[in-house]
Every structure is written in structure tokens, then in C-alpha cells.
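> Sequence and predicted structure, then a few things I'm wondering about:
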Amino acid sequence: MSTIKGLVKSDVKYDGSSLRVAIVHARWNKAIIDSLVNGAITKLKERGVKESNIVVESVPGSFELPLACSRMIAGSRIQTGAASVTDLLGGLNFNLPGSRSGTPAPPGAALPPPNQPFDAVIAIGVLIKGATMHFEYICESVSHALMKIQLDTGVPVIFGVLTALTDDQALERAGLGRGSEKGHNHGEDWGLAAVEMGSHTRRWAEGRFS
Ligand SMILES: Nc1c(NC[C@H](O)[C@H](O)[C@H](O)CO)[nH]c(=O)[nH]c1=O
Ligand SMILES: CC(=O)[C@@H](O)COP(=O)(O)O
């Protein structure tokens, strides 16, 4: 009997060419992480997201993912309104960038090109159950925190955290299964979800609905 489970892919091939996407990944269980990240990047590019608009950052473990997502979303917004350092500081000049030698930055010293806010963030981690309750506490806190960040900021945070009870469960969900069944790389699904949700939230923000 065929399974009723699984994601039904959208018929719409969402265009990612104008989107800016961040991938934040933990470094625990690196071989699995690397496969998931590569899967996500492959699909982002397949949907037209420019390589220059794909930002990848890493943190020690999954427990650090929520803070990283929160601060990167905030940081991606900070320069969109300021034309220069002094503008950012309301006209005050505290000898900022360009004055490492102590010379004041020229009035109106330009910031690096304004950031485009992230249209979506993919949070990737691999949690594998151990002998203690550490697994449960991290899974619970991280999942709730990532959901809160996306609802608070309005920026889609794609839940790319594997919560595996065994090594093989994690390997198969990265397309690295050790048996005959290699499994499916869920990172690909997360890349596609990031483009879809980034496209949706942009459109909805403009009051446009399908
Ligand atoms: N056991 C796993 C961890 N543990 C580390 C925590 O995520 C965190 O980095 C540490 O407690 C310091 O705050 N992280 C994973 O991503 N995967 C694991 O299986
Ligand atoms: C996900 C975890 O925190 C887990 O891998 C840690 O293993 P243990 O519970 O044996 O310390």
C-alpha cells in the first residue's frame, strides 16, 4: 500500500531571482549537515537565487540556531534605511569605519552597499538522541524558538532541524542512507520552501493574493 505521507510539491516553480536567503547551520554531525546544506543551496540556485544572495553562517550547535537567526534577520535590516555612517547615527560622527588609524571618517562616509533584508532563513541542525534527556530539551526549545522568530519578524524561518532517534534516521534524511535505501535529502525541500515562502511573504506584504 503506497504511503499517504509526504510533501506534495507545488506546481508553481517560484522565482527566486530577486530573493536573498540566509542559511544558518550547526556544526554537530558535520557529514550530515554538509549534505543538507548542499541540498538546500542546490535547490535555491535551481530556483534562480543568485549565489551572491545566499548567505551561509555556522554556529556550534542547534541550540545556537535561534539567536543566530534572530540577529541575522535584524542585521540584514539595519542598513536598508541609512545612506551613511553619520546618517545611521543621526548626524553624529564617532570616528567610525575608515578611521582605524584614528582619523575621523569623512562626513557622510558611506556604509557598504545597503543590505537587502533576508526574504527567508533556513535553520539547519542535526540532533541525534543520546543517552540523556539533552536531546528532548534542545529539540523542544529550538523548535519553539524558531517558530517564534518567524512569527515575530515576519521572515520565514524554514525548520531544517533533524530530530533523529538513530544515526540511520539522520543519514537517510540527508540522502546518505547506509543500506540500499539512500533516503531523500530534506535539505532540498528546505531550499524550495525558502523560495516559496519568501515569494509568498513578499507578495502578501504588498496585499497581493492568488
Ligand atoms: N548533541 C547535539 C548538540 N548539542 C550541542 C548544543 O546544540 C549546544 O551547542 C550546546 O549545548 C552549547 O549551547 N547540538 C546539535 O546540533 N546536535 C546534537 O546532536
Ligand atoms: C542531541 C544531544 O544532545 C545528544 O546527542 C547528547 O547525547 P547524550 O544525551 O548522550 O549526552
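Arrived safely. Ligands and ions are numbered 1, 2, ... in the order given.

> lowest-pLDDT helix or strand in this protein?
Least confident helix or strand of the chain, by mean pLDDT, DSSP states H and E, is helix 85-88 with a mean of 60.

> Which neighbours in the sheet does the following helix or strand past that helix have, and how are they oriented?
Next helix or strand after helix 85-88 toward the C-terminus (DSSP states H and E): strand 120-128. Sheet pairing of strand 120-128 (DSSP bridges) gives strand 21-26 (parallel), strand 157-164 (parallel).

> Centre of the chain to the strand or helix carrying V56, how far?
Here V56 sits within strand 54-59, counting by DSSP H and E. The chain centre lies 7 Å from the centre of strand 54-59; the measure is Cα atoms, centre = their mean, to the nearest Å.

> same deal with stretch 63-83?
Chain-centre distance of stretch 63-83: 11 Å, with Cα atoms, centre = their mean.

> do the same with stretch 33-50
Stretch 33-50 sits 11 Å away from the centroid of its parent chain (Cα atoms, centre = their mean).

> where does the protein dip in pLDDT?
Applying pLDDT under 70 to the chain flags residues 1, 79-106, 108-114.

> what residues does it put near ligand 1?
Counting by Cβ under 6 Å from any ligand atom, the chain comes close to ligand 1 at 26, 28-29, 60-64, 125-128, 138. Yep, even glycine has a C-beta here, placed from its N, CA and C like the rest.

> Would you reformat the residues you listed as TSV and include neighbour count?
Formatted as TSV, the residues of the chain next to ligand 1 follow (neighbours: other Cβ atoms under 10 Å):
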residue	neighbour count
A26	24
W28	17
N29	21
P60	11
G61	15
S62	28
F63	19
E64	16
G125	28
V126	27
L127	23
I128	18
I138	19
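
> Which of those sits closest to ligand 1?
Nearest to ligand 1 out of the residues of the chain next to ligand 1 is G61 (Cβ to the nearest ligand atom; 2.2 Å).

> tell me which residues in stretch 30-44 are buried?
Of the residues in stretch 30-44, I32, I33, D34, S35, L36, V37, N38, G39, A40, I41, K43, L44 count as buried by neighbour count, 16 or more other Cβ atoms under 10 Å.

> which residues touch stretch 184-194?
7, 9-10, 14, 19, 21, 35-44, 46-47, 119-122, 124, 156, 158-160, 162, 172-175 (Cβ atoms under 8 Å, 6 or more residues apart in numbering).

> swap the cut-off to 6 Å and go again
Here stretch 184-194 makes contact (Cβ atoms under 6 Å, 6 or more residues apart in numbering) with 7, 21, 36, 39-40, 43-44, 120, 122, 158, 160, 173-175.

> Between all of those, which two are separated the most?
Greatest spatial distance among the contacts of stretch 184-194 (Cβ to Cβ): A120 and G175, at 21.9 Å.

> got the strands paired with strand 120-128 as CSV, with distance to E206 columns?
Formatted as CSV, the strands paired with strand 120-128 follow (distance: least, Cβ to Cβ, whole Å):
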stretch, distance to E206
strand 21-26, 19
strand 157-164, 21
